[in-house]
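1. Have a look at this prediction, sequence included:
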Amino acid sequence: MTMGPQAGEHCDDFGWAPVGNVDPSLVAEVTQHLRYGMGRAWSTSANYALTRAPQRIYLVHTVEGGFTFTVDGEARTAEAGTLILLHGEAPTTAQTTGETARFVWHVTPAFLQPAKSRFRFHEPIPVANASMRALISMTNTILNTAPPEVPTAQAHLGIALEHLIAGALDESGTRTSDADTMHRDGLFMNAQLVIEAHFRDAGFSIARLARSLSVSERAVHAVFAALGTTPRRELERRRLSEVERLSAQALTRNQIFELAGFSSPRQFRDAHSRHRTKLPLDQ
């Protein structure tokens, strides 16, 4: 997982080139191969230009918040719970309308081609169905583990990705789930803001996070799980990012750990091991 300008570079490599200053709160995780890519991101604001790629289609599923997409000069507003299918040849820009969480994909299609597909391009489509949940689950699984390295396995994964997208579009318009409703209520982004405000406090816990949001711990875990992460993982990620920032200052290790919100060097080491990050302190 990367944050700020480095996350912006990942978005650029993926095909979404940041326009203007990169939001320092931007978090992005992506993986891609020759014929497909998948990722997830969240930020308080973002502005992108889609890199021209005639052989690709791009998709954005807005989980929370919203986007204004401008395709060939025509604006489209994508609200939470919608999926938009974009042709890589069409001049496209995207700007968030607020704090936004999203999944992104690109595919070199076998049958989801603009000239052949029956699905609507460049128009946000409400999606909340079994195929969409399966697509998100597969994306989270790949991003949380190592993607396949065997070429035939990569090819099969790309085929599965395209078919799940088609399945989600075929089922579009079905009833939304409780998890989707929680996303639309802004719980995930509000939780991120609370973590940002309190991560330096070593006593800050998931129970306190839930109380700050006036929801149950179960609801907090459910909304984070829908984006392939956990509240503890995000709290640790933010603290590790702060350790990296403080490492450039004339401080002892223990001072850095304390200022970043870790209660002990052991707690830092455990979090460091779980996230498999490389920090200046390792050198």
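-> Cool, got the structure.

2. can you pull out the helices in this protein?
-> In the chain, the helices defined using DSSP state H lie at 5-14, 130-144, 151-170, 178-184, 187-198, 206-213, 217-225, 231-246, 253-260, 265-275.

3. Let me know which of those helices is the nearest to residue 31.
-> With distances scored as C-beta to C-beta, the stretch of these nearest to residue 31 is helix 130-144 (6.1 Å). Backbone N, C-alpha and C define where each C-beta goes, glycine included.

4. picking up where we left off before, turn the helices of the chain into a markdown table, including mean pLDDT.
-> Below are those laid out as a markdown table (pLDDT from 0 to 100):
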| stretch | mean pLDDT |
| --- | --- |
| helix 5-14 | 93 |
| helix 130-144 | 89 |
| helix 151-170 | 92 |
| helix 178-184 | 49 |
| helix 187-198 | 87 |
| helix 206-213 | 89 |
| helix 217-225 | 87 |
| helix 231-246 | 91 |
| helix 253-260 | 93 |
| helix 265-275 | 87 |
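
5. And those helices: which comes nearest residue 48?
-> Nearest of these (C-beta to C-beta): helix 5-14, 6.8 Å.

6. Dump that closest one to PDB, keeping only the CA atoms.
-> This file holds the C-alpha atoms of helix 5-14, laid out as PDB (Å, rounded to 0.1, in the frame of the first residue of the first chain):
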ATOM      1  CA  PRO A   5       2.900  11.200  -4.300                       C
ATOM      2  CA  GLN A   6       4.000   7.500  -4.500                       C
ATOM      3  CA  ALA A   7       0.400   6.400  -4.700                       C
ATOM      4  CA  GLY A   8      -0.100   9.100  -7.400                       C
ATOM      5  CA  GLU A   9       2.700   7.400  -9.400                       C
ATOM      6  CA  HIS A  10       1.000   4.100  -9.100                       C
ATOM      7  CA  CYS A  11      -2.200   5.700 -10.400                       C
ATOM      8  CA  ASP A  12      -0.200   7.200 -13.300                       C
ATOM      9  CA  ASP A  13       1.300   3.800 -14.200                       C
ATOM     10  CA  PHE A  14      -2.200   2.300 -14.100                       C
END
